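Novice: Mind looking at a prediction? Sequence and model below.
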Amino acid sequence: MSSGAFSTVVDTRRELPAPMASSAVNQTIAIGLSSFRSAFFNDRTTMIRLFTTVDCFIQLGDNPTATSASSIFCAGGIYQFFGVKDGERLAVIAASATGTLYLMEVGE
């Protein structure tokens, strides 16, 4: 039963892990008309938070190349979260205009 802004009901289907800012590593990556790669993620990184200033496409992996044909579309101006593995990094390419991708690594 709900009581205003507080609830006494626990619903595990609605849990969202909060990023651990204390172990955060930040990267700033130029978004251009060619694919650019981030540095490799920290071995303790389990999730990344992205913010892009323009529409773009991203690809995750150990040696990724972002393309408009087969990569993940990211709308500019929106925060997005992705789970990642040790040894991965991100590649980004502009959808049309150049801009900046702000990446925050979070984990243990």
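Specialist: Yes, it's here. These numbers were taken from a predicted model, which means no experiment stands behind them.
Novice: Am I right that Ile58 is in contact with Ala91?
Specialist: Yes. The criterion here is Cβ atoms under 8 Å, and Ile58 meets it with Ala91 at 6.8 Å. C-beta coordinates here come from the backbone N, C-alpha and C atoms, glycine included.
Novice: okay, the two: which has more neighbours?
Specialist: Taking neighbours as other Cβ atoms under 10 Å, Ile58 and Ala91 compare with Ile58 leading, 25 against 21.
Novice: Now the more buried one: which helix or strand?
Specialist: Using DSSP states H and E, Ile58 falls within strand 56-61.
Novice: What are the boundaries of the strands in the protein?
Specialist: Under the criterion DSSP state E, the chain contains strands at 2-3, 6-7, 25-31, 36-37, 45-52, 56-61, 72-74, 79-83, 89-94, 99-107.
Novice: Poorly predicted segments of this protein, please.
Specialist: 1-24 (pLDDT under 70).
Novice: One more pass at 50, please.
Specialist: 1-4, 6-7 (pLDDT under 50).
Novice: sorry, back to before: of the strands of the chain, flag the one that's most buried.
Specialist: strand 89-94 (a mean of 22; mean count of other Cβ atoms under 10 Å).
Novice: Strand partners (parallel or antiparallel) of that one?
Specialist: strand 36-37 (antiparallel), strand 56-61 (antiparallel) (DSSP bridges).
Novice: Let me have those in a markdown table, adding distance to Ile78 as columns.
Specialist: Formatted as a markdown table, these follow (distance: least, Cβ to Cβ, whole Å):
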| stretch | distance to Ile78 |
| --- | --- |
| strand 36-37 | 20 |
| strand 56-61 | 11 |
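Novice: Ok, which of these comes nearest Val84?
Specialist: Smallest distance to Val84 across the strands paired with strand 89-94 (Cβ to Cβ): 6.2 Å, for strand 56-61.
Novice: And for that closest one, what's in contact with it?
Specialist: Residues outside strand 56-61 that contact it (Cβ atoms under 8 Å, 6 or more residues apart in numbering): 31, 35, 50, 65-68, 70-74, 76, 82, 84, 88-95, 99, 101.
Novice: what's the spacing between the closest residue to Gly32 other than its chain neighbours and Arg37?
Specialist: Using Cβ to Cβ, 6 or more residues apart in numbering and skipping residues adjacent in sequence, the residue nearest Gly32 is Thr98, 5.3 Å away. To Arg37, Thr98 is 16 Å away according to Cβ to Cβ, to the nearest Å.
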